[in-house]
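Trainee: Sequence unavailable; structure follows:
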């Protein structure tokens, strides 16, 4: 009981940290190019992760774990940060938060595919309802079709769900914080090269809020949040603690409204609530 309670607490801290990712990215991408922001946040986090691994003398991943680490790195180190940074050049963080409501469902879907489980028909009903809500919101807020920012957010949710599910399974054998640290180290050569290639001509015009946004997504979104999140999944159980993701859209909307002064329309709130209910129903029958 104590370990499960600790897992839920750790998982909640992880989600609380992740909730600031979209607002922080929205601030940072106003000053930094999306490709540089994506690569630099990974480089900073990878150096910290490598330091933790070296100081604590962690064992190297085995051969069979390498492919899983590649999937985790592609999903949560490269894919999700890059796609959301590109999307937030076109939509507000409050708008993007509606799509975050699908992240628990995407994680569950990849968990089903990887684990070979057979969910009940009601699972797919709730899945379709949630997806239709997001598609309807995107269509009503565009010029008759899915805008570029919406498509980028859908792609971001897909790759992140895959990275979450793969990382959760891998954390059982490798360890929670070790998974994200090794994934960051694995992606470091590519991310360092990309950072060098996209290096800005100067930093004199970068605002303090831009630096703060870069610092947050580098240290907290890319590393500290995952330490708490994967630890929570390992202690409290993937299915149970994974439901804490349902809180993320609400927390992100609050941060977008109070920190960035972004307008939060009632349709955003209504869609977010409906998506969360759909995801809750889907997870109930998974």
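Mentor: That came through fine. Just so we're clear, the structure is a prediction, and the values are computed from it rather than from any experiment.
Trainee: Could you pull up the residues touching residue 8?
Mentor: Contacts for residue 8 (C-beta atoms under 8 Å, 6 or more residues apart in numbering) come out as 232, 236, 240, 241, 244. The way it works is simple: take the backbone N, C-alpha and C, and place the C-beta from them, glycine included.
Trainee: among these, which are in strands?
Mentor: Within the contacts of residue 8, no residue falls in strands by DSSP state E.
Trainee: Would you show me how to pick out the buried ones of these in ChimeraX?
Mentor: Buried subset of those, written as a ChimeraX selection, criterion 16 or more other C-beta atoms under 10 Å:
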select :232,236,241,244
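Trainee: For the contacts of residue 8, give me JSON lines that also has pLDDT and distance to residue 209.
Mentor: Listed next are the contacts of residue 8 as JSON lines, based on pLDDT from 0 to 100; distance: C-beta to C-beta, whole Å:
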{"residue": "232", "pLDDT": "82", "distance to residue 209": "30"}
{"residue": "236", "pLDDT": "76", "distance to residue 209": "35"}
{"residue": "240", "pLDDT": "64", "distance to residue 209": "37"}
{"residue": "241", "pLDDT": "74", "distance to residue 209": "32"}
{"residue": "244", "pLDDT": "78", "distance to residue 209": "28"}
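Trainee: The contacts of residue 8 into CSV, with extra columns for distance to residue 261?
Mentor: Output for these, formatted as CSV (distance: C-beta to C-beta, whole Å):
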residue, distance to residue 261
232, 31
236, 35
240, 36
241, 32
244, 27
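Trainee: Touching, residue 187 and residue 42? I think so.
Mentor: Yes: taking contacts as C-beta atoms under 8 Å, residue 187 lies within contact range of residue 42: 5.9 Å.
Trainee: what sits against the residue lying closest to residue 131 once chain neighbours are set aside?
Mentor: Nearest residue to residue 131 in three dimensions, chain neighbours excluded: residue 102, at 7.0 Å (C-beta to C-beta, 6 or more residues apart in numbering). Taking C-beta under 8 Å, 6+ apart, we find residue 102 in contact with 130, 131, 134, 154, 157, 275, 279.
Trainee: Dump the residues you listed to TSV, plus secondary structure and distance to residue 194.
Mentor: Shown next, in TSV, are the contacts of residue 102 (DSSP: H, G, I helix; E, B strand; the rest coil; distance: C-beta to C-beta, whole Å):
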residue	secondary structure	distance to residue 194
130	helix	34
131	helix	32
134	helix	30
154	helix	23
157	helix	22
275	helix	33
279	helix	33
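Trainee: that older thread, just want the phi and psi numbers for the residue nearest to residue 131.
Mentor: According to degrees, to the nearest 10, the main-chain angles of residue 102 amount to phi -90, psi -10.
Trainee: following the lowest-mean-pLDDT helix or strand in the chain, which helix or strand comes up?
Mentor: None of the helices or strands of the chain scores lower by mean pLDDT, DSSP states H and E than helix 238-242, at a mean of 68. Toward the C-terminus, helix 238-242 is succeeded by helix 248-258 as the next helix or strand (DSSP states H and E).
Trainee: Looking at that following helix now, give me its mean pLDDT.
Mentor: The average pLDDT within helix 248-258 is 76.
Trainee: Show me what it packs onto, helices and strands only.
Mentor: Contact here means 3 or more C-beta pairs under 8 Å, 6 or more residues apart in numbering; DSSP states H and E; on that basis helix 248-258 packs against helix 2-18, helix 21-28, helix 93-100, helix 266-284.
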